[in-house]
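Asks: Predicted coordinates and the sequence they were generated for:
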Amino acid sequence: GQQLNQSPQSMFIQEGEDVSMNCTSSSIFNTWLWYKQDPGEGPVLLIALYKAGELTSNGRLTAQFGITRKDSFLNISASIPSDVGIYFCASNSGNTPLVFGKGTRLSVIA
Amino acid sequence: GAVVSQHPSWVICKSGTSVKIECRSLDFQATTMFWYRQFPKQSLMLMATSNEGSKATYEQGVEKDKFLINHASLTLSTLTVTSAHPEDSSFYICSADRGLTQPQHFGDGTRLSIL
């Protein structure tokens, strides 16, 4: 089925550094979502994007919906230890089921 | 606070047991809920779409007689893993959305371990 290409797969960064991850798709979507999952828990919504070109921030997080509607990026500025976790991009169109990326595992070294 | 509640959070049982997992939408009605399975270090894989008042839609390769889904009310969907075996051990997660332009919110997941 459809799949999102998410990169990088994993990142090891120093506390205070900025982080960037992205997702691409061969299909056009109307919605791009970014979730964070901590071990043993369900994904928690970070940012939702609904419009091509839209740039949205949530605290230290910023995400953009690509103008072609086939990609999105998530940036985290000034990373802190609690940013550790797995970040997933997800997309859909209308009320179709979400398609997920494979996740980016973020490790922050204090 | 949480908008989707999932219960139980953790189940350990013997092979051959049937296990029921509940997913509830809190303070909103969800005509559609989704059930996912996640293996260690992997992404979420959609198992089925649960439709209130009608049959669930299963993804290819998911046995509908093995994974029974019931969505009897607008706030509750249940997933029953029938005659569970060790290979069914996984992290099961449900989600619901408030409407067409609303993002899906996920439950906290159920860790199922079959001995």
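Replies: Nice, I can see it. Bear in mind that the values here come from a model prediction, so they are computed numbers and not experimental data.

Asks: what about chain B, any weak spots by pLDDT?
Replies: For chain B, the stretches with pLDDT under 70 are B:1, B:100.

Asks: Where do the strands of it begin and end?
Replies: Taking DSSP state E, the strands of chain B run over residues B:4-7, B:10-13, B:19-25, B:32-38, B:45-51, B:57-58, B:67-73, B:76-81, B:90-97, B:104-106, B:110-114.

Asks: for stretch A:46-64, what is the average pLDDT?
Replies: The average pLDDT within stretch A:46-64 is 96.

Asks: Straight-line length of it, end to end?
Replies: Start to finish, the residues bounding stretch A:46-64 are 12 Å apart (Cα to Cα, to the nearest Å).

Asks: nearest to chain A, of the strands of chain B?
Replies: Across those, chain A has its closest neighbour in strand B:104-106 (3.8 Å, Cβ to the nearest Cβ). Backbone N, C-alpha and C define where each C-beta goes, glycine included.

Asks: Report whether that closest one contacts chain A.
Replies: Yes. Residues of strand B:104-106 contacting chain A under Cβ under 8 Å from any Cβ of the partner chain: B:Q104, B:H105, B:F106.

Asks: which among the residues you listed gets closest to B:D27?
Replies: Nearest to B:D27 among the residues of strand B:104-106 next to chain A, counting by Cβ to Cβ, is B:H105 at 11.3 Å.

Asks: quick one: that closest one and A:L33 touch, right?
Replies: No. With contact defined as Cβ atoms under 8 Å, B:H105 does not count as touching A:L33 (10.4 Å).

Asks: anything in contact with each of these two?
Replies: A:L45 (Cβ atoms under 8 Å, 6 or more residues apart in numbering or on different chains).

Asks: need the helix or strand of chain A with the lowest average pLDDT.
Replies: In chain A, no helix or strand scores lower on mean pLDDT, DSSP states H and E than strand A:99-100, which sits at a mean of 92.

Asks: Which positions within the very next helix or strand once past it qualify as buried?
Replies: Using DSSP states H and E, the helix or strand that follows strand A:99-100 in sequence is strand A:104-109. Buried residues in strand A:104-109, counted by 16 or more other Cβ atoms under 10 Å in any protein chain shown: A:T104, A:R105, A:L106, A:V108.

Asks: Ok, stretch A:9-16 next?
Replies: Buried residues in stretch A:9-16, defined by neighbour count with 16+ other Cβ under 10 Å: A:M11.

Asks: now do stretch A:49-68
Replies: A:L49, A:A52, A:E54, A:T56, A:L61, A:T62, A:A63, A:Q64, A:F65, A:G66.

Asks: What is the nearest of the residues you listed to A:L74?
Replies: The closest of these, once distances to A:L74 are taken by Cβ to Cβ, is A:A63, at 4.7 Å.

Asks: returning to what we had before: got the strands of chain B as CSV, with mean neighbour count columns?
Replies: Conversion of the strands of chain B to CSV gives the following (neighbours: other Cβ atoms under 10 Å in any protein chain shown):
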stretch, mean neighbour count
strand B:4-7, 18
strand B:10-13, 14
strand B:19-25, 21
strand B:32-38, 23
strand B:45-51, 20
strand B:57-58, 16
strand B:67-73, 17
strand B:76-81, 22
strand B:90-97, 25
strand B:104-106, 25
strand B:110-114, 19
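
Asks: Serialize those to a markdown table and add fields for distance to A:S20.
Replies: Converted to a markdown table, these look like this (distance: least, Cβ to Cβ, whole Å):
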| stretch | distance to A:S20 |
| --- | --- |
| strand B:4-7 | 29 |
| strand B:10-13 | 35 |
| strand B:19-25 | 34 |
| strand B:32-38 | 25 |
| strand B:45-51 | 26 |
| strand B:57-58 | 36 |
| strand B:67-73 | 38 |
| strand B:76-81 | 36 |
| strand B:90-97 | 26 |
| strand B:104-106 | 24 |
| strand B:110-114 | 32 |
